[in-house]
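# build me a model:
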Amino acid sequence: MAKYLPEMKKLMDKHVSLSLNGKREVSGTLRGYDQFMNIVLENAVQIHSGDAQPSPLGTVVIRGNSILALDIRERTAVAT
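Predicted coordinates:
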């Protein structure tokens, strides 16, 4: 098991933002993940560069190999 997975458990039900390949960004509530870092987001929106309004996506599964970065959008007690 990857060393980051125990820390992911603390992020469940928190609002997160994912930077994806292809210069895409999606944010939503983290509802699940697996050992391959596939992530389930609820109430997800795709954030566009510039002043465009976010596009609602609903509940989505993001493949782990397309995730470049994960940012926490609300305070949590994750140790570094």
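
# so for the nearest residue to residue 49 once chain neighbours are set aside, what's the pLDDT?
The shortest distance from residue 49 to any non-neighbouring residue, by C-beta to C-beta, 6 or more residues apart in numbering, is to residue 23 (7.3 Å). The way it works is simple: take the backbone N, C-alpha and C, and place the C-beta from them, glycine included. Note on residue 23: pLDDT of 90.

# neighbours of residue 23, just the number please.
Using other C-beta atoms under 10 Å, residue 23 is surrounded by 8 other residues.

# ok, it to residue 68 distance?
As judged by C-beta to C-beta, to the nearest Å, residue 23 and residue 68 stand 9 Å apart.

# kindly report the same for residue 53.
Using C-beta to C-beta, residue 53 is found at 23 Å from residue 68.

# higher neighbour count, these two?
With neighbours defined as other C-beta under 10 Å, residue 53 and residue 68 compare such that residue 68 has more, 12 against 8.

# buried stuff in the one helix or strand that one maps to?
Applying DSSP states H and E as the criterion places residue 68 in strand 67-72. Using 16 or more other C-beta atoms under 10 Å as the test for burial, strand 67-72 gives 67, 70.
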